[in-house]
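**Student:** Here's a sequence, model it:
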Amino acid sequence: MRNHEVVEKTPLLNESGNLKEPGWAKSLKWDYTRSAIKAPKFRIKEWDYYIVIHDGKKDGTESFAAAFTISDDGYVGLQSASLIHLDEGTAHEHTETILNVFPMGKLHLPETSDEGDVKYEDKRLKMKFEKTPGERRLTCTFDNFFEGKQLTADITLKQPEMDTMVIATPWDKDKHFYYNQKINCMPASGEVTFDGKTYKFNPESDYGTLDWGRGVWTYDNTWYWGNGNAKVNGHDFGFNIGYGFGNTAAASENIVFIDGVAHKLDDVDFGIPNDVSFKDMNSPEYMKPWHMTSSDGRFEADFVPVLDRFAKMDFKVIVSDQHQVFGRMTGHATLDNGEKVEFKDILVFAEKVHNRY
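**Tutor:** Modelled structure (predicted):
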């Protein structure tokens, strides 16, 4: 198993602008400093993405999710909010995105996820991610979100002391790197309001995940990412799986969490039926059942989709083709001590994305 764990604090980059020590960690062991990057400003990508899911099967209510992004991708910024309905047979979603030209650091995203607020504001959108000890607060007011109607959100995510998934991987190109943290299993409270309806999160059963990313990417990439949280037999359970984010020879980002403790996995295959090439990214194969397996035999799951959140943008130079698929997962994960955790019918997502940007 190749996974190299970094346990001591270290600068992220060396004097040449390349990763000093590729690997993974349970917290932000690498110090990210934007000024240390040697690549052009328009190639630097920084984002904070939150997704919060309510599984209505737990209490007989509607299943839904909300997602929020503040990002500075160099020559373009993408600020977005999503309201996602996840009941089988009636699943649908709406995402609204505001594009900014050449932000290149003007959003002043923090160099760590541990402190500092992230905010964006214009005439139509006000969005803020506030970090205080032990919690994160997400607020959003989005005018004309859909059909002239406003969306508002005020959500609190509790963040007790717990392990996270952090990875620092190089691309096979000089001065290019990927630095990323996923924080799972944050109990969610608060609400989203749209079109006269309020969607409430229950901290006893609902969770949020933070995807925090900083780096310099190559131009053309395809990645796979899956993430989910649930209460399993009274325990906080979560997982993060994925690949395609640079050269993962030093470490993968595949991991399972149980009650705040990380259990590292090796490679995971998503098992998308007849996995398709970029040219066929609108294939209906995404809505067929997937079967996920890990190379170390410690993660195995059947994933039954309920919604393919498909979006395509083609501006010739900038291309984005995305499938974020929500569905229900049943399977098992084996912890470091050999204990097997079985989960059934939990509401999660898995995605395949191709970007040229």
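
**Student:** Please count neighbours and contacts with C-alpha atoms only from this point.
**Tutor:** Will do.

**Student:** And for the helix or strand bottoming out on mean pLDDT in the chain, what's in contact with it?
**Tutor:** When the helices and strands of the chain are compared on mean pLDDT, DSSP states H and E, strand 299-314 comes out lowest with a mean of 91. Contact partners of strand 299-314, identified using Cα atoms under 8 Å, 6 or more residues apart in numbering, comprise 86-89, 91-93, 265, 268, 282, 286-294, 319-334.

**Student:** and that strand, how far from the chain's centre?
**Tutor:** 14 Å (Cα atoms, centre = their mean, to the nearest Å).

**Student:** In the sheet, which strands lie alongside the helix or strand that comes right after it, parallel or antiparallel?
**Tutor:** Once the chain leaves strand 299-314, the next helix or strand it forms, by DSSP states H and E, is strand 319-334. Strand 319-334 sits in its sheet next to strand 299-314 (antiparallel), strand 340-356 (antiparallel), going by DSSP bridges.

**Student:** What residues sit buried inside the longest one?
**Tutor:** For strand 340-356, the buried set under the neighbour-count rule, 16 or more other Cα atoms under 10 Å, comprises 341, 343, 346-356.

**Student:** doesn't Asn247 fall inside a strand?
**Tutor:** No: Asn247: not assigned to a strand; according to DSSP: H, G, I helix; E, B strand; the rest coil it is coil.

**Student:** Test my guess that it contacts Trp171.
**Tutor:** Yes: applying Cα atoms under 8 Å, one finds Asn247 in contact with Trp171, separated by 5.4 Å.

**Student:** that older thread, just the buried ones out of the contacts of strand 299-314, please.
**Tutor:** Neighbour-count burial (16+ other Cα under 10 Å) applied to the contacts of strand 299-314 gives 86-87, 91-93, 265, 268, 282, 286-287, 289-294, 320-334.

**Student:** ranges for the strands of the stretch 101-250 of the chain?
**Tutor:** Applying DSSP state E, counting those that start in this stretch to the stretch 101-250 of the chain gives strands spanning 118-121, 125-132, 135-146, 149-158, 165-170, 177-194, 197-201, 207-216, 220-232, 235-243.

**Student:** Check the gap between Asp267 and Tyr179 for me.
**Tutor:** Per Cα to Cα, to the nearest Å, Asp267 is found 18 Å from Tyr179.

**Student:** just Asn14 next, same as before
**Tutor:** 14 Å.

**Student:** Which one's more surrounded, these two?
**Tutor:** Tyr179 (24 against 14; other Cα atoms under 10 Å).

**Student:** residues in contact with the residue lying closest to that one once chain neighbours are set aside?
**Tutor:** Nearest residue to Tyr179, sequence neighbours excluded (Cα to Cα, 6 or more residues apart in numbering): Ala168, at 4.6 Å. Ala168 makes contact with 19, 21-24, 177-180, according to Cα under 8 Å, 6+ apart.
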